[in-house]
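**Q** only geometry, no sequence info:
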């Protein structure tokens, strides 16, 4: 279990609450890591990500649910935070309140994509839930 009570853990927890983008790394069928930036919602225990249907990350997770998540570092290469966990493609939508919070967080980003919230919800229909199992990194 990940300890978010340490100094570093509290820092990562803050970043999970405040950051807009996290890098999700899955592993393809050739065992090659495939990182990609994604939007996410942290509820204090799990990370929710939405995907369009038929995307490679979904095939990767179905084959191997172990994933890594990391943030961008600061300009000097510090403030490193990486999480390793298990991803699950959900059969049912997450709680409506959580979806609402996610959509509120990314309202501007959705508009920047020239999409309405309804169009975004119609396109990004596959929920992925990541449960962190380990954490590493450092804060300067």
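**A** On my side now, so go ahead. Predicted, not measured: the structure shown is a model, and the values here were computed from it.
**Q** So in terms of bridging, what pairs with the nearest residue to residue 66 once chain neighbours are set aside?
**A** Ranked by CB to CB, 6 or more residues apart in numbering and with sequence neighbours excluded, the top spatial neighbour of residue 66 is residue 86, at 6.4 Å. Glycine gets a C-beta too; all of them are placed from N, C-alpha and C. With DSSP bridges applied, residue 86 shows beta-bridge pairing to residue 66, residue 131.
**Q** do you know how far residue 86 is from residue 139?
**A** According to CB to CB, to the nearest Å, residue 86 stands 25 Å off from residue 139.
**Q** where exactly do the strands run in the chain?
**A** With DSSP state E as the criterion, the chain has strands at 22-27, 33-38, 41-42, 47-51, 66-70, 80-89, 126-138.
**Q** who touches the last one?
**A** So that's strand 126-138. Contacting residues not belonging to strand 126-138 are listed as 1-3, 8-9, 12, 24, 45-53, 55, 57-58, 61, 67, 69-70, 78-90, 93-94 [CB atoms under 8 Å, 6 or more residues apart in numbering].
**Q** what's the answer for stretch 25-38, then?
**A** 21-24, 49, 56-57, 59-61, 63-64, 66-70, 87.
**Q** how about 7 Å then?
**A** By CB atoms under 7 Å, 6 or more residues apart in numbering, the list of residues contacting stretch 25-38 from outside reads 21-24, 49, 56-57, 60-61, 63-64, 67-68.
**Q** among these, which two are most distant?
**A** Pairwise distances across the contacts of stretch 25-38 (CB to CB) peak at 24.7 Å, for the pair 21 and 63.
**Q** partners of the residue lying closest to residue 16 once chain neighbours are set aside in the sheet?
**A** Nearest non-adjacent residue to residue 16, counting by CB to CB, 6+ apart: residue 42, 3.8 Å away. For residue 42, the beta-bridge partners are residue 47 (DSSP bridges).
**Q** Alright, that wraps it up for me.
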